[in-house]
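Visitor: starting from these lines, generate the structure:
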Amino acid sequence: MANIGREERSGGHDRALPQRFLDFMTTGWRDGEADLAPVPQVKHLARRRDLLSAAFPGDTLVIPTGTIHSRTFGSPYPFRAGSDFLWLTGDQEPDSVLVMYPTAGTHDAVLYTRPRSNAESGAQYLDRMDGEIWVGRRKSPEEKAATLAIDTRPLHRLRPALRAMASSDRLRVLRGYDAGIDGGLDHGMLPVTPDNTGRDAMLASVLSELRMEKDEWELAQIQDAVDATVRGFEDVARRLRPDAPTPERYIEGVFSWRARVDGNALGYSSVVAGGPRSTILHWARNDGSVEPGQILLMDMGIENNNCYTADVTRVLPVSGTFSPAQRDVYDIVHASRNAGLAVLAPGAAFAEIHDVCMRVLAEGLRSLGLLKGSVDEAMDPSSLTYRRWSLHGFGHMLGLDVHDCGHARPQTYGSGVLRENHVLTMEPGLYLQPHDELVPEELRGIGVRIEDDVLVTAHGHRLLTEALPTESHEVEAWLAAQREAGPREPGIDDVRPAAHRGPTGY
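Guide: Numbering: from 1, shown residues only. Below you'll find the model as predicted:
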């Protein structure tokens, strides 16, 4: 919200510029036109805001999207809109704030957003972090009003609006996205008190819970992200050497290329884990090498152009065929996956699906000789010894975030039940660490996770990731078929445009 004025924002390595040049940079600029086509989800946005309005009658709601952060000095991270804000507005640009003002029985929604860089003031050049010559054209508030179908005002008008609300006990703020709002913009404007913190936490929880049930547009976006992710796995399989080492960095790079060709970005940091690193759940350094005879665990997902992500894990036998020990562990995890899917339907409790999956894993661990007592003893809440080798639950919600709807209250999520149009992952796993002396030597260093993305339907479920096989012999056949097909190299015309963004206007 700062007023940039006429001072150039730059680094210490830049030479000072004469006033004559700065004055020259304020003249002779033509204003380009923006694409004013409505965003594709526009018909859903008002309905979503109505759902939020009904949950908090009489309350003023403040939902910011966040701002750009720097990776290093002068080098910003790519901006990603806050998921709740994006779900409510469709706006993907930084520094905007949605305020929902209570009226008679409903709310008036106002989007406060940054104005265009003013060429006549020199801001489009002088501000290297925000000037349009440096970072590209953005839509004006009036242009956003047309594309998002919402009352939109310049961001500088937010400050007095918040000041007027500061004393209200009917104010709720989505915190953690905008330090200026969290800190009160001016110190003390929006004080953090125990009561206000609780009210704000409820806003975050309700937003997560409203986002759990996906509309038809969202389901199409998730399937789009899944389809792109499938192509990324195919790209990797076609380049994975069966007879020579393949660097994990190379595999990560191949998939990352697909993420930018067919989507917006990676949905999360890719896990590319060869051999014993397959037992490390969040291995993301990806600086090892996968060798013939080893397995390769890949946990990867593409975020599509509208910011919905897939989340998929597959385990491949690099040489083309699982060894007996690898197959034994793999088939246990696959049986757990199938058992969980068999009960996954509307009304099924998250806890029930978890217990079903974990029991199959525990039975498999006992068959491998790792569990010495009974399965019931291993699964007793006072013991849970089986978790030494399983480590995590059966899955999580999926959508705009890879771990979607994470602020939902336990009674609606972990202790709740599935409902139609929920989308979640099914991802049981076993991880037999290479340094675990309780594991037979031939099994050490084998990690298997099979992760699918699943839509809950009216009478059961549908696998969104069914194009990627999971049964061990099918995986072997699929890998052979991909290698036979060979690498594909799409041309420039095959790159899908980011449809939510229009032309630059220049």
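Visitor: going forward, measure contacts and count neighbours with C-alpha atoms only.
Guide: Fine.
Visitor: show me what contacts Asp227?
Guide: Thr465 (CA atoms under 8 Å, 6 or more residues apart in numbering).
Visitor: tell me the pLDDT of it.
Guide: Looking at Asp227, its pLDDT stands at 98.
Visitor: next one: Asp182
Guide: Looking at Asp182, its pLDDT is 85.
Visitor: neighbours around the nearest residue to it once chain neighbours are set aside, how many?
Guide: Excluding its sequence neighbours, the residue lying closest to Asp182 (CA to CA, 6 or more residues apart in numbering) is Arg175, at 5.9 Å. Arg175 has 19 neighbours, counted by other CA atoms under 10 Å.
Visitor: secondary structure class for Arg175?
Guide: With DSSP: H, G, I helix; E, B strand; the rest coil as the basis, Arg175 sits in coil.
Visitor: ok, it - contacts?
Guide: Counting by CA under 8 Å, 6+ apart, Arg175 has contacts Ile63, Ile181, Asp182, Asp200.
Visitor: among these, which are in strands?
Guide: Among these, the subset assigned to strands under DSSP state E consists of Ile63.
Visitor: for Ile353, which non-adjacent residue is closest in space?
Guide: Gly340 (5.4 Å).
Visitor: Gln221 now?
Guide: Spatially, and ignoring its direct neighbours in sequence, Gln221 is nearest to Tyr308 (6.1 Å; CA to CA, 6+ apart).
Visitor: you'd agree the residue nearest to Ile353 is in a strand?
Guide: No: per three-state DSSP, Gly340 lies outside any strand segment and is helix.
Visitor: in the contacts of Arg175, find the pair that's most separated.
Guide: Largest separation among the contacts of Arg175 by CA to CA: Ile181 and Asp200, giving 12.5 Å.
Visitor: which of these two has more neighbours?
Guide: Ranked by neighbour count (other CA under 10 Å), Ile181 and Asp200 place Ile181 first, with 24 against 19.
Visitor: relative to Val206, how far out is the more buried one?
Guide: 20 Å (CA to CA, to the nearest Å).
Visitor: sketch out the low-pLDDT regions of this structure for me.
Guide: Across the chain, the ranges flagged by pLDDT under 70 are 1-14, 166-168, 185-197, 490-494, 497-506.
Visitor: can you do 80?
Guide: The model of the chain has pLDDT under 80 over residues 1-15, 32, 73-74, 118-130, 164-169, 183-197, 489-506.
Visitor: which residue ranges make up each domain of it?
Guide: What automatic domain parsing lists as the domains of the chain is 19-211, 216-494.
Visitor: now distance to His156 too, for the contacts of Arg175, in a markdown table please.
Guide: Converted to a markdown table, the contacts of Arg175 look like this (distance: CA to CA, whole Å):
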| residue | distance to His156 |
| --- | --- |
| Ile63 | 16 |
| Ile181 | 13 |
| Asp182 | 17 |
| Asp200 | 24 |
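Visitor: which of the contacts of Arg175 fall within helices?
Guide: Counting by DSSP state H, these place Ile181, Asp182, Asp200 in helices.
Visitor: and which of the residues you listed is nearest Thr106?
Guide: Proximity of these to Thr106 (CA to CA) peaks at Asp200, which lies at 19.2 Å.
Visitor: measure that closest one to Glu303 for me?
Guide: Using CA to CA, Asp200 is found at 28 Å from Glu303.
Visitor: try Glu474
Guide: Distance check for Glu474 against Glu303: by CA to CA, it reads 27 Å.
Visitor: what about those two, which has more around it?
Guide: Glu303 (30 against 12).
Visitor: wait, what's in contact with that one?
Guide: Contacts of Glu303 (CA under 8 Å, 6+ apart): Ala225, Ala259, Gly263, Asn264, Ala265, Leu266, Gly267, Thr309, Ala310.
Visitor: same question for Leu281.
Guide: Counting by CA under 8 Å, 6+ apart, Leu281 makes contact with nothing.
Visitor: how near is it to Lys144?
Guide: 41 Å.
Visitor: how far is the regular element (helix or strand) spanning Ala220 from where the chain is centred?
Guide: Taking DSSP states H and E as the criterion, Ala220 maps to helix 216-239. Put simply, helix 216-239 sits 14 Å off its chain's centre (CA atoms, centre = their mean, to the nearest Å).
Visitor: just the CA trace of it, in CSV.
Guide: Provided in CSV are the C-alpha atoms of helix 216-239 (Å, rounded to 0.1, in the frame of the first residue of the first chain):
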residue,chain,number,x,y,z
GLU,A,216,-18.2,-29.3,-11.4
TRP,A,217,-15.7,-26.7,-12.6
GLU,A,218,-13.3,-27.6,-9.8
LEU,A,219,-13.6,-31.3,-10.6
ALA,A,220,-12.7,-30.6,-14.3
GLN,A,221,-9.7,-28.6,-13.1
ILE,A,222,-8.4,-31.4,-10.9
GLN,A,223,-8.8,-33.9,-13.7
ASP,A,224,-6.9,-31.6,-16.0
ALA,A,225,-4.1,-31.4,-13.5
VAL,A,226,-4.1,-35.2,-13.1
ASP,A,227,-4.0,-35.7,-16.9
ALA,A,228,-1.0,-33.5,-17.2
THR,A,229,0.7,-35.4,-14.3
VAL,A,230,0.1,-38.7,-16.1
ARG,A,231,1.9,-37.3,-19.1
GLY,A,232,4.7,-36.2,-16.9
PHE,A,233,5.1,-39.7,-15.5
GLU,A,234,5.1,-41.1,-19.0
ASP,A,235,7.8,-38.6,-20.0
VAL,A,236,9.9,-39.9,-17.1
ALA,A,237,9.3,-43.6,-17.9
ARG,A,238,10.3,-43.1,-21.5
ARG,A,239,13.7,-41.6,-20.4
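Visitor: so which bits of it are buried?
Guide: 218-219, 221-239 (16 or more other CA atoms under 10 Å).
Visitor: what do you get for stretch 107-115?
Guide: For stretch 107-115, by 16+ other CA under 10 Å, it's His107, Asp108, Ala109, Val110, Leu111, Tyr112, Thr113, Arg114.
Visitor: contact partners for the second one?
Guide: Yep, that's Asp108 we're talking about. Here Asp108 is in contact with Met100, Tyr101, Pro102 (CA under 8 Å, 6+ apart).
Visitor: now swap in Cys405 and tell me
Guide: Going by CA under 8 Å, 6+ apart, Cys405 touches Leu207, Ser208, Glu209, Arg211, Met212, Met397, Leu398.
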